[in-house]
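> Next one to model:
(chains A and B)
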There are 2 protein chains.
Amino acid sequence: MNLALLSEEDLLDDHNARLTGRRRDHLVDVLRAGEGDTLPVGLEDGLMGTGTVTRLTDTAAELRLELNQSPPAPLPLTLILAMPRPKMFRRVLQTVAALGVKDIWLINSYKVEKSFWQTPWLQPEHLRENLTLGLEQAMDTRMPQVQLRQRFKPFVEDELPTILRDRPGLVAHPGTPTPCPTHIQRPATLCIGPEGGFIPYEVEKLQEAGCQSVHLGPRILRVETAVPVLIGRLYDLCG
Amino acid sequence: MNLALLSEEDLLDDHNARLTGRRRDHLVDVLRAGEGDTLPVGLEDGLMGTGTVTRLTDTAAELRLELNQSPPAPLPLTLILAMPRPKMFRRVLQTVAALGVKDIWLINSYKVEKSFWQTPWLQPEHLRENLTLGLEQAMDTRMPQVQLRQRFKPFVEDELPTILRDRPGLVAHPGTPTPCPTHIQRPATLCIGPEGGFIPYEVEKLQEAGCQSVHLGPRILRVETAVPVLIGRLYDLCG
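Numbers count the residues shown, from 1 in each chain, chains lettered A, B, ... in the order given. Got it, this is the predicted structure:
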């Protein structure tokens, strides 16, 4: 937690907040903060700045806030991801939130096992928790939006063409002749398949909807490795 | 396992191999291969190609080999990594092996907890196992070399200058003014700190040894995210 992310419910008034639970414990046990110490804080979907500890109890930490910095620029990327295996899913959520992705669609695919959709990590409070961990890691405040689409064909036929209208689409597909473009720095849609990849029918449907197939070299990477490599290739994160 | 990696001990003769344990089970249980089926194989530090199943028993699979392809080009990168937390360490090893890094140094740093060095994942057979998983994922055969250096100062003063003689060095350090260079495509040394970063003394020592500090943008990334982003930034993996 490089920044404590505050929600509206944490605010006591415009200039004071109360942290409980994980964030209060992190502040005391990991950061070893006491009354008078300051730490980086941010208001969800708002400004960032510092919080000064004004009161500390066994269950809560009260902070006086000075919020005056904008969060880092969001990536203009729509990420469409075949639903990953649950044990990888949490990490992928945290990673994409940390990298600045704000628009995430989780879709079905032939090689997505049905059981993946049953994971408790898809419940709204757990989605939010893992996205928060990513934002707190990266020092960002803008909460990503996550959409779930458990049927591939209706999504690709009925919704994807609309998404692609204002942001052209790429599908990462090993073995295709075109390399993934570099530092495009403009809005785009990136589709990433499951472990084992999209099947040819799915790649065709994605192409029919307007996506271009691109590769990332001869190495087959796991989804959790391909995601940061692809995002860092499409956007200059230093820029 | 997109490729089964064979070692010398697996070879029955120049054209035949016997797989046991994990790889035999993966072949039967996941790939559902039977006698006559072929799968991608590679010989450790040698050629890749196909293996045709000639015999299958409860404990072994025998393959006839046709090895005629070179593995993908290695990255000309020396990666110097502060020893990660054990639960992240395995994944980082697999990731860097999959990305094509062949020269890995694990070093100490102020924020590396002493207990990290006690992890069983540092034992040679476990290092080899996780590097193998990364190579099998990426379809590569060249086994990376891993060096352990549990004392920061002697490493940085006595060994690092020699390493930097033929491959200039970068240290990833948030907040520094210079952005990480892009697609340098030549030998380099990259130093990545622990969670929380190198302390200022350590950054100074790395700079004295000849490293340049570079940043990756305003977001603070976890080591397991920073590693693929940095490697994909320094090298064009499509290239």
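> what about A:H126, how many residues close to it?
15 (other CB atoms under 10 Å in any protein chain shown). Where C-beta positions appear, they are placed from N, C-alpha and C, glycine not excepted.
> wait, I meant A:T38
A:T38: 14 neighbours (other CB under 10 Å).
> Could you list everything it pairs with in the sheet?
When assigned by DSSP bridges, A:T38 has beta-bridge partners A:T52.
> do the same with the one 5 residues further on
According to DSSP bridges, the partner residues bridging A:L43 are A:L6.
> That one contacts A:E9, doesn't it?
No - taking contacts as CB atoms under 8 Å, A:L43 lies outside contact range of A:E9: 11.4 Å.
> Enumerate the positions of the one helix or strand in chain A whose mean pLDDT sits lowest that are buried.
Ranked by mean pLDDT, DSSP states H and E, the weakest helix or strand in chain A is helix A:21-25, scoring a mean of 90. Using 16 or more other CB atoms under 10 Å in any protein chain shown as the test for burial, helix A:21-25 gives A:R23, A:R24.
> Report the separation between A:R128 and B:L216.
Separation of A:R128 from B:L216 (CB to CB, to the nearest Å): 26 Å.
> higher neighbour count, those two?
Higher neighbour count among A:R128 and B:L216: B:L216, with 21 against 16, using other CB under 10 Å.
> these two touch, right, the more buried one and B:V229?
Yes - under the criterion of CB under 8 Å, B:L216 makes contact with B:V229 at 6.4 Å.
> Please identify every residue contacting each of the two.
A:L237 (CB atoms under 8 Å, 6 or more residues apart in numbering or on different chains).
> pretty sure A:G49 is in a strand, no?
Yes - looking at A:G49 with DSSP: H, G, I helix; E, B strand; the rest coil, it is inside a strand.
> residues touching A:M83, list them.
By CB under 8 Å, 6+ apart, the contact list for A:M83 reads A:F89, A:L106, A:I107, A:N108, A:S109, A:V112, A:F116, A:W117, A:P194.
> residues in contact with the residue positioned nearest the centre of chain A?
Taking CA atoms, centre = their mean, the centroid of chain A lies closest to A:A97, which sits 2.6 Å from it. Residues in contact with A:A97 (CB under 8 Å, 6+ apart) are A:N130, A:L131, A:T132, A:L133, A:G134, A:L135, A:A138, A:D140, A:P144.
> Please apply the same query to A:I220.
A:P174, B:N2, B:Q137, B:A138, B:M139.
> Just send those residues back as JSON lines, with pLDDT too.
Shown next, in JSON lines, are the contacts of A:I220 (pLDDT from 0 to 100):
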{"residue": "A:P174", "pLDDT": "91"}
{"residue": "B:N2", "pLDDT": "93"}
{"residue": "B:Q137", "pLDDT": "97"}
{"residue": "B:A138", "pLDDT": "97"}
{"residue": "B:M139", "pLDDT": "97"}
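> closest to A:L19 among those residues?
Nearest to A:L19 among those, counting by CB to CB, is B:Q137 at 40.3 Å.
> pretty sure the closest one is touching B:Q94, no?
Yes - taking contacts as CB under 8 Å, B:Q137 lies within contact range of B:Q94: 6.9 Å.
> any shared contact partners between the two?
A:R222.
> Greatest separation within the contacts of A:A97: which pair is it?
Once CB to CB is applied, the contacts of A:A97 give A:N130 and A:D140 as the farthest pair, at 13.9 Å.
> Which one's more surrounded, those two?
The neighbour comparison of A:N130 against A:D140 (other CB under 10 Å) goes to A:D140, with 27 against 20.
> Please point out which parts of the strand or helix carrying A:I163 sit buried.
Using DSSP states H and E, A:I163 sits in helix A:160-166. Neighbour counts over helix A:160-166 (16+ other CB under 10 Å) mark A:L160, A:I163, A:L164 as buried.
> what does stretch A:15-34 give?
Neighbour-count burial for stretch A:15-34 [16+ other CB under 10 Å]: A:N16, A:A17, A:R18, A:L19, A:R23, A:R24, A:H26, A:L27, A:V28, A:A33.
> Tell me how far the third one lies from B:R23.
A:R18 sits 55 Å away from B:R23, going by CB to CB.
> Relative to B:P144, how far out is the residue lying closest to A:G232 once chain neighbours are set aside?
Nearest residue to A:G232 in three dimensions, chain neighbours excluded: B:V229, at 3.9 Å (CB to CB, 6 or more residues apart in numbering or on different chains). The gap separating B:V229 from B:P144 is 19 Å, by CB to CB.
> that older thread, out of the contacts of A:M83, which sit inside strands?
Taking DSSP state E as the definition of strands, those contribute A:L106, A:I107.
> how many neighbours does the nearest residue to A:T20 once chain neighbours are set aside have?
Of all residues not flanking A:T20 in the chain, A:A60 sits nearest, at 5.1 Å (CB to CB, 6+ apart). Close neighbours of A:A60, defined as other CB under 10 Å, add up to 12.
> ok, now A:T57?
Residues lying near A:T57 (other CB under 10 Å) number 10.
> hmm, back to that, just how off-centre is the least confident helix or strand of chain A within its chain?
22 Å (CA atoms, centre = their mean, to the nearest Å).
> ditto for stretch A:23-39
26 Å.
> Could you do stretch A:2-15 as well?
21 Å.
> Enumerate the positions of it that are buried.
A:N2, A:L3, A:A4, A:L5, A:L6, A:D10.
> Could you tell me the end-to-end distance of stretch A:211-222?
Stretch A:211-222 has its terminal residues 21 Å apart, counting by CA to CA, to the nearest Å.
> taking the mean pLDDT, what do you get for that stretch?
The pLDDT scores in stretch A:211-222 average 97.
> ditto for stretch A:74-87
pLDDT averaged over stretch A:74-87 gives 97.
> what comes up buried for it?
Buried-residue list, stretch A:74-87, by 16+ other CB under 10 Å: A:L75, A:P76, A:L77, A:T78, A:L79, A:I80, A:L81, A:A82, A:M83, A:P84, A:R85, A:P86.
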